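A.B. asks: Sequence first, then the predicted structure:
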Amino acid sequence: MVDAWNSVARAAVIGGLVWLAAMPIGALAAELRNLAPDAVITESGRHSERYAGRFTANDRVPEPGSRSDLGRAWCVPQSQAAGAWLSYSWPEPVTIGEIVYYGRTAWLWDENFLKVEILVDPDQPIVAQADLRPGHGPQRITLARPIRTRTLTLRFPIADSGPNPGASEIRIFAASSDPATLGAFVTPDGHLDIAQSQPLVDKIRSGELGFDSLLVIERQALRPSHVYTYHNEDFRPGGGLYRWYSHGEQEQLFDAQDGQLLDLSLSYDGREILFSWRRTESETYQIYRMNVDGTGLVQLTDGAHYNFNPCWLPDGGIAFLSTRTSAYAYCWDSPVGVLYRMDRDGSNPVRLSANYLNDFTPAVLDDGRVIFARWEYVDRPAIPIQSLWTIRPDGTGLQVYFGNRVLSPATFMEARSLPGSDKILCLLTAHNGPARGAVGIIDRRRGVNAQEAIQNLTPEVNIGRVDQGDGNHIRGPYENPFPLDENYFIVSHSGSILVRDYEGAQQAVLLPARGSMGFYNPQPVRATTAPPVLPSANPVAGSLPLPPNTAAVYLQDVYQGLEPHVDRGEIVAVRVVEEIAKPVEIHPNLRAFGFQFPVVSSGATYAPKRVWGQVPIEPDGSAAFEVPAGRPLYFMALDRHGRAVQRMRSFTHFMAGESQSCVGCHEDRSQAPPAADLPSAFDQLPRPLEPPEWGVQGFSYRRIIQPVLDRHCVQCHQAHSPSGDVDLSGDMTDFFNVSYETLARQGTPAENSRIGGARQVDFRNPYTSWISTYNGSESNILQIEPRTWGSPASRLADLVLDGHPDARGKPRIDLSDAEKRRIFAWIDLNVPYYGTSDTNHPDRPGCRQMWPDDFDRVFQQVTARRCAECHLPDQQGIASVPRSWYLRVEQPEKNSFMLAPLAVRAGGTEICDRAIFETKDDPDYQALLAVFQPIQELLADRPRRDLYGEPAETCATECTEPVDGQ
């Protein structure tokens with residue numbers, strides 16, 4: 001069969017014009033450059049100034065369906081399409097041998113031209129013409145003989161039916177261009193236009209690619225609800241582990257029987273296989289080892305937890321994922337699998353990752369580090385970020401690799417080293433849906449969050465842009481990409497196994513899917529050189545005296561990454577904070593405030609927070625301090641008042657005894673430390689953290705903040721006559737307490753606990769500037785300038801610092817320094833209310849809400865009888881009585897709808913024109929009050945986790961247990 005470009009070449013030969021087949025890439029092709037940007041480009045018409053002809057010469061081709069071609073394409077209204085033209089003029093004659101047309105597909109597939117005529121001058125005969133196809137990507141128009149000219153006109157006599165036909169890009173070359181530089185052509189049905197390449201098939205059969213057989217898993221396609229639930233959702237039995245030979249034979253090495261296989265990993269010597277097998281739907285995945293001929297089966301893990309995604313380590317051990325940590329996704333009900341290692345016989349399991357959410361698909365890079373994907377959302381929405389991280393096989397040296405501030409793609413996973421380079425090959429996909437999508441190459445040298453670092457090898461799959469959206473739109477047929485060498489990779493495409501080159505010019509289908517069963521996880525059977533065994537990042541035993549289960553952090557200069565926004569001398573301390581895991585499995589139907597269950601905040605932080613303490617910064621910006629090992633930690637840079645000028649919105653973790661350094665605060669991770677004297681903090685032993693005066697415990701608003709408000713604020717700001725209509729009482733509401741409702745929830749979409757998504761711009765609480773974690777707020781992930789969030793941007797913090805002055809400027813309150821720091825810390829922790837994700841009420845909305853079952857019915861009946869005269873019925877026929885978005889369940893008589901109609905002499909406010917309830921003995925008043933009794937009895941029997949009588953989420957022994965061996 002002819003190769004891909006020859007198949008295109010035979011598509012059209014019109015008037016001596018040929019769509020040229022791929023030619024050997026010689027010196028001329030390597031030196032070709034696009035001549036179009038050198039020309040003055042004019043056009044017959046344009047849709048608007050932002051769609052001028054010159055935008056076809058900017059070397060950018062917007063993704064299909066991306067709606068992002070403003071200023072990046074040319075188009076004309078359909079009424080002007082027939083005969084539309086572009087004209088090029090150069091200052092000196094140029095040689096033209098090939099023109100490459102890219103259709104306009106950013107909005108619709110039918111906004112392309114369907115024919116082009118090439119003229120040296122509009123008054124001269126046509127030099128060549130060609131039919132164009134609907135689709136995205138390059139269409140090469142190669143002249144029979146090159147021409148030498150100063151002018152060129154492209155005329156388009158026929159257009160497709162779309163409203164604004166045009167071109168995304170038009171490139172002009174002196175000779176045939178290198179296909180690798182052009183991208184691939186994608187048809188409107190989303191298929192990559194690559195034909196079966198017989199030369200590639202011949203290479204595979206001859207063993208030229210370095211293997212003569214493959215290992216593959218046969219199973220049904222996995223259909224999990226999210227990329228992080230592939231280990232526990234969608235069980236469909238059948239299939240097995242096979243060895244495919246290049247001459248076409250298949251050998252079953254392992255029968256899945258009534259179970260399902262997930263993945264496999266071949267040892268470096270090519271002799272042993274690791275794989276994950278789930279025997280039955282009622283069981284979990286466990287890891288097995290066997291010889292490459294199918295003999296010697298050994299089970300390595302067991303238990304009720306899931307063990308999966310094994311990979312061989314250079315030292316002979318095995319990295320894998322396990323749910324044995326007994327934690328659950330904050331926004332779903334799936335168990336969390338994180339990175340572990342064990343010996344080759346399954347003994348000595350050691351937890352390497354302190355993640356409280358999921359890790360994914362570990363593999364070993366050529367330099368010996370383990371690369372894996374990690375899901376996290378430290379004060380950010382949950383759809384992105386599933387980014388790539390590296391860690392040494394002993395759990396030390398955790399570092400971000402790529403994508404920790406990338407919005408789209410939402411997920412990078414299945415990463416592997418690209419042979420002969422510093423790049424990686426990986427899967428690019430969404431957050432919801434299966435772990436399938438596009439295949440890409442990442443070159444982090446171009447930036448660890450940069451668009452330019454991502455090369456989409458499957459352009460028919462729209463992966464979006466790194467700074468837009470949430471990446472959840474990505475849908476594609478690819479999974480399990482595996483680099484074969486520096487030229488080719490192998491991948492599963494809708495269950496069929498393909499080999500492709502990285503340029504998208506050659507393809508060979510090795511193993512087509514069989515009916516409903518597909519083939520996955522292809523790996524060539526061959527011996528490879530094992531990566532180096534890396535030394536530990538831990539100091540030599542005894543060289544650094546640290547308490548048990550702690551690590552040391554050396555911060556060279558906190559101002560690196562903060563300047564010029566922060567002046568030297570402003571930062572006086574670093575705070576260390578832990579994100580606390582969710583220990584309970586709850587059904588998502590109970591979610592509130594987006595996807596919180598149990599609820600922790602009003603749509604701000606998903607995770608409860610634990611402040612471990614802080615350490616002072618030296619005058620030169622350095623610090624050396626101890627941190628707890630095995631905990632998901634992040635740091636805040638504090639000013640002299642204790643306000644967080646900057647915060648991490650990601651976490652790190654350390655192994656016991658580890659020593660790790662960083663350059664500064666939010667510096668580029670590729671940044672080298674500036675040449676300077678040894679930082680002053682490095683001359684001394686790491687300092688222990690100074691714990692907060694409220695104790696090392698889950699940060700509970702009602703325990704830590706409400707007592708401050710009770711002492712200083714409630715005298716004026718209470719239910720009966722709230723000053724400024726601000727109520728800071730501590731009475732429990734249906735979800736929180738009254739002051740939290742005012743200081744965090746008021747004025748935001750969170751007033752409706754049931755909405756699932758909202759934009760960051762809509763979160764405008766009058767008193768606190770908090771970061772929304774609602775779906776739809778993803779843009780805030782990129783807002784990282786110092787003082788953007790938290791106490792430096794909050795009115796409440798200013799009131800506390802200024803003493804809440806009256807009209808004459810005289811302070812009305814005088815908080816102690818410790819009390820101020822409590823309030824600043826709460827705001828900077830992203831306004832948590834609960835200090836735990838545990839619950840005594842797993843069956844209630846948000847696992848917290850105390851809404852009386854009979855309240856709505858009784859309220860409607862009473863207001864219809866007593867209030868309809870003034871408060872006209874709404875569309876549902878219910879009297880429109882003013883009510884807060886929350887319900888006071890502690891002292892319910894202080895709800896506004898109880899106070900307003902009650903006579904002043906009976907203790908009410910009588911805000912209505914007359915007393916509706918003369919006394920509290922009024923039957924309707926008593927009927928309203930009675931609906932709260934069942935809730936109060938429930939709370940007496942099973943207190944909500946914010947009650948003062950509930951044990952604090954303290955951190956004693958359980959917080960200092962080592963990660964190892966869990």
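C.D. replies: Thanks, I have it. Numbering: from 1, shown residues only.

A.B. asks: alpha carbons only for contacts and neighbour counts from here, please
C.D. replies: Fine.

A.B. asks: This protein - how does it break down into domains?
C.D. replies: Using automatic domain parsing, the domain parsing of the chain gives 4-181, 198-524, 550-579+598-683, 851-941.

A.B. asks: need the ones you listed in JSON lines with distance to L709 and mean neighbour count, can you?
C.D. replies: Converted to JSON lines, the domains of the chain look like this (distance: least, C-alpha to C-alpha, whole Å; neighbours: other C-alpha atoms under 10 Å):
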{"stretch": "domain 4-181", "distance to L709": "49", "mean neighbour count": "19"}
{"stretch": "domain 198-524", "distance to L709": "25", "mean neighbour count": "21"}
{"stretch": "domain 550-579+598-683", "distance to L709": "18", "mean neighbour count": "21"}
{"stretch": "domain 851-941", "distance to L709": "17", "mean neighbour count": "16"}
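
A.B. asks: And the helices in the stretch 51-200 of the chain?
C.D. replies: 198-206 (DSSP state H, counting those that start in this stretch).

A.B. asks: quick revisit: would you format the domains of the chain as JSON lines with distance to A818 and mean pLDDT included?
C.D. replies: Listed next are the domains of the chain as JSON lines, based on distance: least, C-alpha to C-alpha, whole Å; pLDDT from 0 to 100:
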{"stretch": "domain 4-181", "distance to A818": "50", "mean pLDDT": "82"}
{"stretch": "domain 198-524", "distance to A818": "25", "mean pLDDT": "96"}
{"stretch": "domain 550-579+598-683", "distance to A818": "9", "mean pLDDT": "92"}
{"stretch": "domain 851-941", "distance to A818": "28", "mean pLDDT": "91"}
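
A.B. asks: Can you add distance to A807 and give those back as TSV?
C.D. replies: Converted to TSV, the domains of the chain look like this (distance: least, C-alpha to C-alpha, whole Å):
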stretch	distance to A807
domain 4-181	51
domain 198-524	37
domain 550-579+598-683	25
domain 851-941	27
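
A.B. asks: can you pull out the strands in the stretch 151-300 of the chain?
C.D. replies: According to DSSP state E, counting those that start in this stretch, the stretch 151-300 of the chain carries its strands in the segments 166-173, 213-220, 240-245, 250-255, 260-266, 272-278, 286-291, 298-299.

A.B. asks: and G809, which of the domains of the chain is closest to it?
C.D. replies: domain 550-579+598-683 (20.8 Å; C-alpha to C-alpha).

A.B. asks: rewinding a little: will you turn the strands of the stretch 151-300 of the chain into TSV that also has distance to E479?
C.D. replies: Shown next, in TSV, are those (distance: least, C-alpha to C-alpha, whole Å):
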stretch	distance to E479
strand 166-173	29
strand 213-220	13
strand 240-245	17
strand 250-255	21
strand 260-266	12
strand 272-278	17
strand 286-291	21
strand 298-299	26
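
A.B. asks: returning to that earlier point: and the domains of the chain: which comes nearest Y834?
C.D. replies: Closest among these, using C-alpha to C-alpha: domain 550-579+598-683, at 5.0 Å.

A.B. asks: got the end-to-end distance for that closest one?
C.D. replies: Counting by C-alpha to C-alpha, to the nearest Å, you get 19 Å between the two ends of domain 550-579+598-683.

A.B. asks: Return the distance of it from the chain's centre.
C.D. replies: 22 Å (C-alpha atoms, centre = their mean, to the nearest Å).

A.B. asks: Among the strands of the stretch 151-300 of the chain, which comes closest to D802?
C.D. replies: strand 166-173 (56.5 Å).

A.B. asks: Which other helices and strands does that closest one contact?
C.D. replies: Secondary-structure packing of strand 166-173 (3 or more C-alpha pairs under 8 Å, 6 or more residues apart in numbering; DSSP states H and E): strand 74-75, strand 84-103.

A.B. asks: Strand partners (parallel or antiparallel) of the first one?
C.D. replies: Using DSSP bridges, the strands paired with strand 74-75 are strand 166-173 (antiparallel).

A.B. asks: between the strand it pairs with and strand 84-103, how many degrees?
C.D. replies: 80 degrees (axes from the mean of the first three to the mean of the last three C-alpha atoms, to 10 degrees).

A.B. asks: what does strand 166-173 contact?
C.D. replies: Counting by C-alpha atoms under 8 Å, 6 or more residues apart in numbering, strand 166-173 makes contact with 32-36, 55-62, 69, 72-76, 95-105, 111-113, all of which sit outside it.

A.B. asks: same question, stretch 339-352
C.D. replies: 300-301, 316-322, 338, 353, 359, 362, 393-396, 655, 963-966.

A.B. asks: Now do the end-to-end distance for that stretch.
C.D. replies: 6 Å.

A.B. asks: Distance to A573 added to the helices and strands packed on strand 166-173, as JSON lines?
C.D. replies: Below are the helices and strands packed on strand 166-173 laid out as JSON lines (distance: least, C-alpha to C-alpha, whole Å):
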{"stretch": "strand 74-75", "distance to A573": "54"}
{"stretch": "strand 84-103", "distance to A573": "55"}
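
A.B. asks: So for L929, which of those sits nearest?
C.D. replies: strand 74-75 (67.2 Å).

A.B. asks: Can you list the neighbours in contact with the closest one?
C.D. replies: 46-47, 51-56, 104, 164-168.

A.B. asks: Out of these, which comes closest to D258?
C.D. replies: R104 (49.6 Å).

A.B. asks: what sits against that closest one?
C.D. replies: A73, C75, E111, N112, H136, P165, G166, A167, S168.
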